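[1] Build the 3D model from these lines:
(one chain, ligands or ions: 1)
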Amino acid sequence: MSRSAHPAGPRHADVLPEGHYSAPPTDLNSLDPKVWAHTVRRDADGAVTVGGIDVKRLAGEFGTPAYILDEADFRARARAWRTAFGHDADVFYAGKAFLSRAVVRWLHEEGLNLDVCSGGELATALSAGMPPERIAFHGNNKSAGEIERAVRAGVGRVVLDSFQEIVRVAHIAQSLGKRQKVQIRVTVGVEAHTHEFIATAHEDQKFGIPLAGGQAAEAVRRALQLDGLEVIGVHSHIGSQIFDMSGFEVAARRVVGLLKEIRDEHGVELPEIDLGGGLGIAYTSDDDPREPHEIAKALTEIVSGACDAARLRTPRISVEPGRAIVGPTAFTLYEVGTIKPLDGLRTYVSVDGGMSDNIRTALYDAEYSVALVSRESAAEPMLCRVVGKHCESGDIVVKDAFLPADLAPGDLIAVPATGAYCRSMASNYNHALRPPVVAVLDGEARVIVRRETEEDLLRLDVG
Ligand SMILES: *Cc1c(COP(=O)(O)O)cnc(C)c1O
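    Numbering: from 1, shown residues only. The predicted structure is shown next:
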């Protein structure tokens with residue numbers, strides 16, 4: 001998969017411009033199950049259904065753009081992670097990928113724990129009844145108020161991200177007469193994104209305390225001395241959209257090395273190790289993610305192997321998948337508006353949303369696929385760029401995609417794998433109204449996050 005910059009293509013009508021696509025697909029009507037939610041099908045009449053409901057009905061009832069989330073798929077993926085890791089490990093869903101009260105209830109019912117990284121996410125989790133001991137609180141700059149709320153609520157762990165925070169959390173816990181369970185987040189010098197990882201990546205980033213130079217060991221030393229803290233383990237998160245397990249392997253070995261150092265110096269074997277999230281999903285047919293049971297097996301073997309070598313008891317493992325659970329379960333449903341063919345380049349297809357509901361393409365060059373879903377088409381493939389309606393030329397949803405040449409205003413198209421980091425990163429740019437999240441299950445659809453209204457916008461603007 002090319003991740004090169006995106007130069008303008010050659011301007012000949014007979015040559016396709018450069019881009020991130022491969023050859024035009026042979027069948028534009030087929031829906032690759034890798035990138036679409038489990039219950040998505042193309043019906044006999046050519047329209048697409050999800051959870052047994054026609055997307056035209058969803059568009060009619062809930063409007064567009066809308067995020068359509070397959071609840072059965074979400075639960076199945078959550079359960080697959082839970083089952084894969086069994087009872088000797090914990091799965092924390094990373095709430096920042098997408099959080100709502102319905103999601104919190106599903107996670108609770110499926111036996112998962114939850115990561116939050118702000119007061120707002122914590123409030124959502126608590127208001128939907130997630131038991132506080134199953135919540136982990138993250139963040140590189142938690143405010144004193146947020147820490148106090150988390151400790152008061154009784155969260156299962158606070159993940160400490162700096163030397164200052166060690167003291168801050170200890171102080172707050174002590175003043176509340178509590179002893180807070182904590183993990184220390186370390187940066188292990190591994191950075192992984194997609195198919196590659198760098199094992200000597202510099203620690204030049206805002207998260208965590210570097211292993212390098214003994215800083216992480218010093219952090220654990222200090223935390224162990226503070227009465228307000230109970231140090232339960234070490235945490236490492238190495239990147240996002242990772243397919244290659246070797247980054248986790250290096251990270252786990254380095255973290256276990258730290259656990260050994262702690263054991264040798266303090267006689268303490270920390271009982272837990274958290275390997276973070278970042279497991280990749282298929283955004284296009286080029287991506288081949290692994291199944292949770294393969295990931296669980298690999299991670300468990302890596303950690304137990306490293307611990308055996310260091311003569312340590314294998315700690316309890318936790319992982320924090322966000323994208324890998326919610327990402328594939330939703331698609332964004334758009335209505336096609338203006339279509340603008342540019343000779344020798346591509347056709348610009350404008351939709352009724354854009355960077356306000358999916359910032360990932362503009363933010364980090366993310367790749368997506370797209371399909372015509374309101375009907376079938378036998379027309380030729382047409383090279384397209386799906387763009388939004390915002391006042392910004394970088395307002396691109398899908399950089400390069402093939403749609404049928406008979407595409408017309410009013411058609412519905414859908415961008416799959418938008419469950420993670422789309423609604424949660426949505427904005428009101430151009431005073432766009434953030435789209436609803438509609439959950440479908442067994443022929444029924446219900447709004448779990450409603451569409452914003454102009455009253456919502458005006459209510460915040462107090463004049
Ligand atoms: C973002 C993040 C995750 C989740 O990442 P995904 O790519 O969604 O799996 C997990 N843990 C931490 C600490 C994170 O910052």
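[2] only C-alpha atoms for contact and neighbour calcs from this point on.
    Will do.
[3] Quick one: name the residues of the stretch 151-300 of the chain near the ligand.
    Within reach of the ligand by C-alpha under 6 Å from any ligand atom, the stretch 151-300 of the chain has these residues: 237, 240, 241, 276, 277, 278, 279.
[4] okay, these in JSON lines with secondary structure and distance to residue 95 next?
    Written out in JSON lines, the entries for these read as follows (DSSP: H, G, I helix; E, B strand; the rest coil; distance: C-alpha to C-alpha, whole Å):
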{"residue": "237", "secondary structure": "coil", "distance to residue 95": "15"}
{"residue": "240", "secondary structure": "strand", "distance to residue 95": "15"}
{"residue": "241", "secondary structure": "strand", "distance to residue 95": "16"}
{"residue": "276", "secondary structure": "coil", "distance to residue 95": "13"}
{"residue": "277", "secondary structure": "coil", "distance to residue 95": "11"}
{"residue": "278", "secondary structure": "coil", "distance to residue 95": "13"}
{"residue": "279", "secondary structure": "strand", "distance to residue 95": "15"}
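[5] what domains does the record give for this protein?
    The chain breaks down into these domains under automatic domain parsing: 13-70+328-460, 138-321.
[6] how far away is residue 91 from the ligand?
    Distance check for residue 91 against the ligand: by C-alpha to the nearest ligand atom, to the nearest Å, it reads 10 Å.
[7] Please state the mean pLDDT value computed over the longest helix anywhere in the chain.
    Among the segments of the chain that qualify as a helix by DSSP state H, the longest is helix 246-266. Rounded to a whole number, the mean pLDDT of helix 246-266 is 95.
[8] what helices or strands is that helix leaning on?
    Packed against helix 246-266, as judged by 3 or more C-alpha pairs under 8 Å, 6 or more residues apart in numbering; DSSP states H and E, are the following elements: strand 196-198, helix 215-224, helix 292-309.
[9] angle of it against helix 292-309?
    Angle between the axes of helix 246-266 and helix 292-309 is 30 degrees (criterion: axes from the mean of the first three to the mean of the last three C-alpha atoms, to 10 degrees).
[10] Just the buried positions in helix 246-266, please.
    Within helix 246-266, the residues that count as buried by 16 or more other C-alpha atoms under 10 Å are 246-262.
[11] Mean pLDDT per helix and strand in the protein: which one sits at the bottom?
    Considering only helices and strands, the least confidently modelled element of the chain by mean pLDDT, DSSP states H and E is strand 196-198, at a mean of 83.
[12] Next, the buried residues of that strand.
    For strand 196-198, the buried set under the neighbour-count rule, 16+ other C-alpha under 10 Å, comprises residue 197.
[13] go on, stretch 265-284?
    Of the residues in stretch 265-284, those with enough neighbours to count as buried (16+ other C-alpha under 10 Å) are 269-270, 272-284.
[14] ok, the residues you listed vs residue 141, which is closest?
    Proximity of the buried residues of stretch 265-284 to residue 141 (C-alpha to C-alpha) peaks at residue 276, which lies at 18.2 Å.
[15] mind listing the helices for the stretch 1-150 of the chain?
    Assigned helices in the stretch 1-150 of the chain, in chain order: 55-62, 71-85, 101-110, 119-127, 144-153 (criterion: DSSP state H, counting those that start in this stretch).
[16] so of those helices, which one's packed in deepest?
    Burial among those, expressed as mean neighbours by mean count of other C-alpha atoms under 10 Å, is greatest for helix 71-85, which shows a mean of 21.
[17] just to revisit the earlier point, and residue 91, which of the domains of the chain is closest to it?
    Between residue 91 and the domains of the chain, the shortest gap by C-alpha to C-alpha is with domain 138-321, which sits at 5.2 Å.
[18] And that closest one, end to end?
    14 Å (C-alpha to C-alpha, to the nearest Å).
[19] Dump the helices of the stretch 1-150 of the chain into JSON lines; add mean pLDDT as well.
    Compiled in JSON lines, the helices of the stretch 1-150 of the chain are given as follows (pLDDT from 0 to 100):
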{"stretch": "helix 55-62", "mean pLDDT": "98"}
{"stretch": "helix 71-85", "mean pLDDT": "98"}
{"stretch": "helix 101-110", "mean pLDDT": "98"}
{"stretch": "helix 119-127", "mean pLDDT": "98"}
{"stretch": "helix 144-153", "mean pLDDT": "98"}
